[in-house]
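1. sequence-free structure coming up:
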């Protein structure tokens, strides 16, 4: 994929899909900036990448806090590709959700991408263009028990993807999203056997690996996807086919 020499910011890049995405971009020759809450984990990943000859650095940020979102946007001045991956994954019935959990979910899954895009998209446009990839979920497009909070936050992100594609596309900034299906990551560990049971209902019959999803995020940020804008790419093992 053509990302050689590009600078890529991956939020939530310290584990799971975010880490796999950061590693995919680094392997393709991009300079990678990883943000996350876990400084120790972030620096370990950066060390492993730089030991392999990649260019990488870590910026600690808790994207539930708007001040950290703004600091991240200030500290990382130049970005060619923004991966809005950081997210929280609340599972549970609607009547069990409290206000604090609701606010935290929308802060990380919607508010942070909103303000990061608002900060970086104009800079990308001024530099001649760029790409933004938002990480959604298959449950943003259909109802599922226990997924009301998580799914609705990602549905908002998918609408923002299309709005930003229309807003910034004329300025040379492409905005797309990926919608993964069940993926085996630290974030989905609380699902236990439920992850495999959900995956068994898909045509491919298994969960995705983080690397499989990360490769899709790499494609949308690369020059090979230069005429794709406003799309939501299903990475869901065929769920959209049934």
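-> That came through, no problem. Not measured: the values here are computed from a predicted model.
2. how about the strands of this protein, start to end?
-> Remark: strands assigned in the chain by DSSP state E are 7-11, 31-36, 56-60, 81-84, 130-135, 173-180, 232-235.
3. spatially central residue in the protein, please.
-> Most central in the chain under C-alpha atoms, centre = their mean is residue 85, positioned 2.0 Å from the mean C-alpha point.
4. what sits against that residue?
-> 10-13, 17-18, 21, 135, 217 (C-beta atoms under 8 Å, 6 or more residues apart in numbering). Bear in mind the C-beta positions are built from the backbone N, C-alpha and C, glycine included.
5. at 7 Å instead, please
-> 10-13, 17-18, 21, 135 (C-beta atoms under 7 Å, 6 or more residues apart in numbering).
6. now do residue 203
-> Going by C-beta under 7 Å, 6+ apart, residue 203 touches 237-238, 241-242.
7. which other residues reach stretch 43-53?
-> The contact list for stretch 43-53 (C-beta under 7 Å, 6+ apart) reads 14, 19, 22-23, 26, 32, 34, 56-58.
8. no wait, stretch 160-179
-> 113-114, 117, 121, 124-125, 128-138, 140-141, 157-158, 213, 216-217, 220, 228-236.
9. so which of these sit within helices?
-> The helices, defined by DSSP state H, take in 113-114, 117, 121, 124-125, 157-158, 213, 216-217, 220 from the contacts of stretch 160-179.
10. export these as TSV, with columns for distance to residue 101.
-> Shown next, in TSV, are these (distance: C-beta to C-beta, whole Å):
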residue	distance to residue 101
113	19
114	19
117	24
121	29
124	33
125	36
157	18
158	21
213	25
216	29
217	27
220	30
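11. out of those, which is nearest to residue 183?
-> Closest to residue 183 out of the ones in helices among the contacts of stretch 160-179 is residue 213 (5.7 Å), distances taken as C-beta to C-beta.
12. how about the strands of the chain, which one is nearest residue 152?
-> Comparing those under C-beta to C-beta, the one sitting nearest is strand 173-180, at 14.1 Å.
13. for that closest one, what is the average pLDDT?
-> Averaging pLDDT along strand 173-180 gives 98.
14. tell me the angle it makes with strand 130-135.
-> 20 degrees (axes from the mean of the first three to the mean of the last three C-alpha atoms, to 10 degrees).
15. any idea how far strand 173-180 is from the chain center?
-> With C-alpha atoms, centre = their mean, to the nearest Å as the basis, strand 173-180 stands 9 Å off its chain's centre.
16. that one: partners in the sheet, and parallel or antiparallel?
-> If you go by DSSP bridges, strand 173-180 pairs up with strand 130-135 (parallel), strand 232-235 (parallel).
17. so which of these is the most packed in?
-> Of all the strands paired with strand 173-180, strand 130-135 carries the top mean neighbour count, a mean of 27, counting by mean count of other C-beta atoms under 10 Å.
18. so where's this protein shaky on pLDDT?
-> For the chain, the stretches with pLDDT under 70 are 189.
19. which residue packs closest to residue 41, ignoring adjacent ones?
-> Using C-beta to C-beta, 6 or more residues apart in numbering and skipping the chain neighbours, the partner closest in space to residue 41 is residue 14 (4.4 Å).
20. so who does that neighbour touch?
-> With C-beta under 7 Å, 6+ apart, residue 14 has these contacts: 34, 36, 38, 41-42, 45.
21. also residue 198?
-> With contact set as C-beta under 7 Å, 6+ apart, residue 198 has these partners: residue 182.
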